[in-house]
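Colleague: I would like to see how this sequence folds:
(one chain, ligands or ions: 1)
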Amino acid sequence: MSTRNLVMAALMMAIIAALGLVKISFPLFNEVPITGQTLGIMLAGALLGARLGGLSVAAFVALAAVGVPLLAGGRGGIGVFASASGGWVLSWPLAAYLIGYMVEKSWYSLRTWKVILFNILGGIVVVYVIGMAYQAALTGVPFYTVAIKSMIFLPGDLLKAAVAAVIAVRLRYAYPLIQVAAPSDRFSEQRGQTL
Ligand SMILES: O=C(O)CCCC[C@@H]1SC[C@@H]2NC(=O)N[C@@H]21
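Modeller: Just a heads-up that it's a prediction; the model follows:
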């Protein structure tokens, strides 16, 4: 990995950790908190792309698992993964990867509404399915009950999807961080030509 990519991955992990300062808990309704960190997961994919975004979030989750207090409220350790939060956090690298993949595929026609859609698909649908299934399996609470309890996250996560999309599209046109081959380059690569 290049020094540039290492620095960007480290910065993204620091941003996700800092967003953990936002932690709102309603333990009687759902033991999993509302956290600002999902904004960071969406930003990782949308700003760094599939590979680097997915890798930074995977490294973030791995460090949290070995006890670095990176999760919301300064938590960390393997115990988090044996709690209701486990599946939600484990879904994050896949979410960042999928968002990054979709952003890269649309790189030359990227629009805010498209990135909102990608954030919803990768950062909400995928995260919720994995998080809720894990939470239901671990706690023994029926899936539909967990699903209802999880609707508390939805307004905030929709807002984060929009905020991350606006930031990602502005940066894409002002200072693109992802390097995606131009369509003409790809065409020549397929034909074995170099420009
Ligand atoms: O730090 C934790 O214990 C939980 C992290 C998982 C929070 C999930 S991710 C999707 C949903 N949106 C939120 O704001 N919180 C949950």
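
Colleague: Scan the protein for its longest helix.
Modeller: helix 37-65 (DSSP state H).

Colleague: how deep is Leu11 tucked in, by neighbour count?
Modeller: Look at Leu11: counted by other Cβ atoms under 10 Å, it has 13 neighbours. Yep, even glycine has a C-beta here, placed from its N, CA and C like the rest.

Colleague: again with Leu6
Modeller: So Leu6, with other Cβ under 10 Å, has 12 neighbours.

Colleague: Could you list the low-confidence segments of this protein?
Modeller: The model of the chain has pLDDT under 70 over residues 185-195.

Colleague: what about 50?
Modeller: The chain contains residues with pLDDT under 50 at 194-195.

Colleague: can you point me to the longest strand in it?
Modeller: The single longest strand within the chain, with elements called by DSSP state E, is strand 30-35.

Colleague: And Val68, its phi and psi?
Modeller: Val68 has phi and psi values of phi -70, psi 130 when expressed as degrees, to the nearest 10.

Colleague: again with Phe26
Modeller: Phe26 adopts backbone torsions of phi -130, psi 70, taken as degrees, to the nearest 10.

Colleague: now the helices for this structure?
Modeller: Counting by DSSP H, the helices of the chain are 3-19, 37-65, 86-105, 112-120, 127-139, 143-150, 154-174, 183-190.

Colleague: Which residues are in contact with the residue most central in space within the chain?
Modeller: Of all residues in the chain, the one closest to the mean position by Cα atoms, centre = their mean is Ile41, 2.4 Å from it. Ile41 sits next to 16, 57, 92, 95-96, 99, 123, 127 when contact means Cβ atoms under 8 Å, 6 or more residues apart in numbering.

Colleague: Kindly recompute the last result at 6 Å.
Modeller: Going by Cβ atoms under 6 Å, 6 or more residues apart in numbering, Ile41 touches 57, 92, 95-96, 123.

Colleague: Equivalent analysis for Gly86, please.
Modeller: Tyr134.

Colleague: quick one on the thing from earlier: contact partners of the longest strand of the chain?
Modeller: For strand 30-35, contacts defined as Cβ under 6 Å, 6+ apart pick out 23-25, 72, 84-85, 149, 152-153, 156.

Colleague: Those residues of this structure touching the ligand, which are they?
Modeller: Residues of the chain that fall close to the ligand, judged by Cβ under 6 Å from any ligand atom: 32-35, 38, 71-72, 85, 88-89, 127, 131, 153, 156-157.

Colleague: and if we set it to 8 Å?
Modeller: The chain has residues 20, 23, 32-38, 41, 71-73, 75, 80, 83-85, 88-89, 91-92, 124, 127-128, 131, 150, 153, 156-157, 160 near the ligand, with proximity defined as Cβ under 8 Å from any ligand atom.
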